[in-house]
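J.: Whatever this is, show me its structure:
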Amino acid sequence: MTRFAPPPSRSTLWTGTGISLAAAAFVSTLVLLEGLPSRGDAAAPAVARTALALKPAPTPVAQFTVKRILPIQGAIKYGEWHWDERGAPAAGTTIVTVDLKANVLSVFRDGYEIGATAILTGYGDKPTPLGVFPITEKDRTHVSTLYDAPMPYMLRLTNDGVSIHATKVENGYVTHGCVGVPEGFAAKLFAAARLGDRVIVTDGATMGLGDAII
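T.: You can find the predicted model right below:
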């Protein structure tokens, strides 16, 4: 089965001084997706903030506000990823944001973006769910019991198997609902993430520098 879809992009990441929450999924069915994830620019139209179950506090705590975004120029190609902890706290609260519209996942430590990558997401009757999910399990060498498929560096999000994990991220592929990331990036994220860390999955939500990370 094939489909035509809007190009994956980071165009929702920058809206004036705004930045997007980020995106997610895992591989299985071959479909046609055109274009590359793009960082976007100041001319990009504003995207309304998606209301989530968890609302930001009236006065955000410092580690839950956006303090930095990685200076990535242009498009993030499928299979490409960025990780840079320089200038960020050596330890602190980690929050992962997944933007299904942009097909991008970002990692924040105390408000500093330290990682970003293009991702694969769910499709059809196996979509990647929206919401806020704690990481409930970590397994370096996990194998899916449903699909008998390896899921290296697995970070479980839901009881029915939706996870972030390593896979070959290529243009044109989707997942059974998981968030697929390149293996090198998955290893970095696996080392940085702890049980209970939040993963926020939206469909194009945005936030500005100094805003609360929802």
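J.: Please make it C-alpha for all contacts and neighbour counts, starting now.
T.: Fine.
J.: which residue ranges form the strands in this structure?
T.: Using DSSP state E, the strands of the chain run over residues 18-20, 81-83, 94-99, 104-109, 112-118, 131-134, 137-143, 150-156, 163-166, 179-181, 198-202, 206-208.
J.: just those: most buried one?
T.: Among these, ranked by average contacts under mean count of other C-alpha atoms under 10 Å, first place goes to strand 179-181 (a mean of 32).
J.: If you average pLDDT over each of the strands of the chain, which is lowest?
T.: The minimum mean pLDDT among those belongs to strand 18-20 (a mean of 35).
J.: hmm, back to that, any idea which of the strands of the chain gets closest to residue 69?
T.: Evaluated with C-alpha to C-alpha, the strands of the chain place strand 112-118 nearest to residue 69, the distance being 5.0 Å.
J.: Mind giving me the packing neighbours of the closest one?
T.: For strand 112-118, the packing partners by 3 or more C-alpha pairs under 8 Å, 6 or more residues apart in numbering; DSSP states H and E come out as strand 81-83, strand 104-109.
J.: before we move on, back to that, take the strands of the chain and lay them out in CSV including distance to residue 68.
T.: Formatted as CSV, those follow (distance: least, C-alpha to C-alpha, whole Å):
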stretch, distance to residue 68
strand 18-20, 10
strand 81-83, 13
strand 94-99, 13
strand 104-109, 9
strand 112-118, 5
strand 131-134, 22
strand 137-143, 27
strand 150-156, 25
strand 163-166, 23
strand 179-181, 22
strand 198-202, 18
strand 206-208, 10
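J.: Among these, which comes closest to residue 187?
T.: In terms of C-alpha to C-alpha, the element of the strands of the chain nearest to residue 187 is strand 150-156, at 6.2 Å.
J.: Good, wrapping up.
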